[in-house]
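Asks: Need the 3D shape of this:
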Amino acid sequence: MNINPRIDRSTPVIVQGITGQAGQLHSRLMKEYGTNIVGGVSPVTVLPEVNGVPVFATAREAVAATGAQASVLLVGAMQLLGAMQDAVAAGIRYLVTPTEGMPVHDALKAQRLTREAGTIWIGASTPGMAVAGDAKLGFLPDDSLKPGTLGLMSKSGTLSYESGYRLAQRGIGTSVWVGVGGDPVKGVRYADLVPFYAADAKTAALLIIGEIGGHEEEDFAAALVAHRFTKPVFALIAGRTAPEGIAMGHAGALTHGSYGTYEAKRKALEAAGVTVFGSLAEMVDGICRACRPD
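Replies: Residues are numbered from 1 along each chain as shown. The predicted structure follows:
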């Protein structure tokens, strides 16, 4: 599947769960940033509108009335699969699911559903995605979203916010930001986006913020080699000192023996030509030197 996460101010977006506390807050913040929020969905709460946009009972009704192409799903973990099924059936192209704690069996069903439908699923447990200066879907803070040419992918929300903010303070902005999420079963992964960033004329370099556990960073390194990626790539891997057998932060951040360790990821990335930094401060300084050599 061709995965292109470049949204813009014209992309029509709905918010499923818009009548809840998080839905009302973040639909307003996304709208204030410039995101084209055209409607919301709530199957249980009868409100005619929220933050100036109409509320519908189903995603199918919302899409029919607004032409929405993307949805941010701010619903509970137990309701998430059903809401995703509703959105996919309605023809939504982008699904962004910040919800934490999605049951693994539901995530497996959602993964199959979205892949078969050709739907781009960002999540679960994602801070969202953004094209800095144009639109954002999810929780990404405005202070971290300076327009620029550095592509950014991250498993961690808070670490990516801090990275984006510190880089922005040093004059380095981002092009397309994708929070792939920290769950072991999810939609879009690092490797899936390598062809996009390779071809994207507005991306000059790429940063991934990873963490221990799983093999996503190793798969990303293999994809860089396979696609002959020529742009500079940087990485920060969290969890270097984490003890074996304990999940650190995310459900996917778990190491057993040499599987999913910091060293395994570092070696794979460096073998693919990636510059791996040992700390956030080192990363910011290194990217500033590489991207602003003056």
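
Asks: any idea how far Ala22 is from Arg28?
Replies: 11 Å (C-beta to C-beta, to the nearest Å). For every residue, glycine as well, the C-beta is placed using N, CA and C.

Asks: Pull up the overlap in contacts between those two.
Replies: Shared contacts of Arg28 and Ala22, defined by C-beta atoms under 8 Å, 6 or more residues apart in numbering, are absent.

Asks: The nearest residue to Thr119 once chain neighbours are set aside: what secondary structure?
Replies: Leaving aside its chain neighbours, Thr119 sits nearest to Val88 (5.4 Å; criterion: C-beta to C-beta, 6 or more residues apart in numbering). Put simply, Val88 is helix when judged by DSSP: H, G, I helix; E, B strand; the rest coil.

Asks: Helices of the stretch 51-200 of the chain, start to end?
Replies: Secondary structure of the stretch 51-200 of the chain (DSSP state H, counting those that start in this stretch): helices at 59-66, 80-90, 104-117, 157-169, 194-199.

Asks: Who are the contact partners of the residue nearest to Thr119?
Replies: Leu95, Leu113, Thr114, Ala117, Thr119.

Asks: cool, and Ala281?
Replies: For Ala281, the contact set (C-beta under 8 Å, 6+ apart) is empty.

Asks: pLDDT at it, what is it?
Replies: Turning to Ala281, the model gives it a pLDDT of 95.

Asks: Could you list everything the most centrally placed residue in the chain pairs with in the sheet?
Replies: Residue closest to the mean C-alpha point of the chain, counted by C-alpha atoms, centre = their mean, is Gly179 at 2.1 Å. Here Gly179 sits in beta bridges with Ser154, going by DSSP bridges.

Asks: I'd say it and Leu137 touch.
Replies: No. Look at Gly179 against Leu137 with C-beta atoms under 8 Å: they stay out of range, at 9.7 Å.

Asks: Show me the shaky parts of this protein.
Replies: Under the criterion pLDDT under 70, the flagged ranges of the chain are 1, 240-259, 293-294.

Asks: Let me see the ranges of the strands in it.
Replies: With DSSP state E, the ranges of strands along the chain come out as 12-16, 36-41, 49-50, 53-56, 70-73, 94-97, 120-123, 128-131, 135-138, 147-154, 174-179, 205-211, 233-238, 275-277.

Asks: what packs against the third one?
Replies: Right, strand 49-50. Applying 3 or more C-beta pairs under 8 Å, 6 or more residues apart in numbering; DSSP states H and E, we find strand 49-50 packed against helix 21-33.

Asks: Then the first one?
Replies: In this structure, strand 12-16 makes packing contacts with helix 21-33, strand 36-41, helix 59-66, strand 70-73, helix 80-90, judged by 3+ C-beta pairs under 8 Å, 6+ apart.

Asks: ok, now the last one?
Replies: In this structure, strand 275-277 packs against strand 233-238, helix 262-271, helix 280-291, with contacts taken as 3+ C-beta pairs under 8 Å, 6+ apart.

Asks: could you dump the ones you listed to a markdown table with distance to Asp200?
Replies: A markdown table is the format used below for the helices and strands packed on strand 275-277 (distance: least, C-beta to C-beta, whole Å):
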| stretch | distance to Asp200 |
| --- | --- |
| strand 233-238 | 14 |
| helix 262-271 | 21 |
| helix 280-291 | 16 |
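
Asks: which of those is buried the deepest?
Replies: strand 233-238 (a mean of 23; mean count of other C-beta atoms under 10 Å).

Asks: Just want the angle from it to helix 157-169.
Replies: Here strand 233-238 runs at an angle of 140 degrees relative to helix 157-169 (axes from the mean of the first three to the mean of the last three C-alpha atoms, to 10 degrees).
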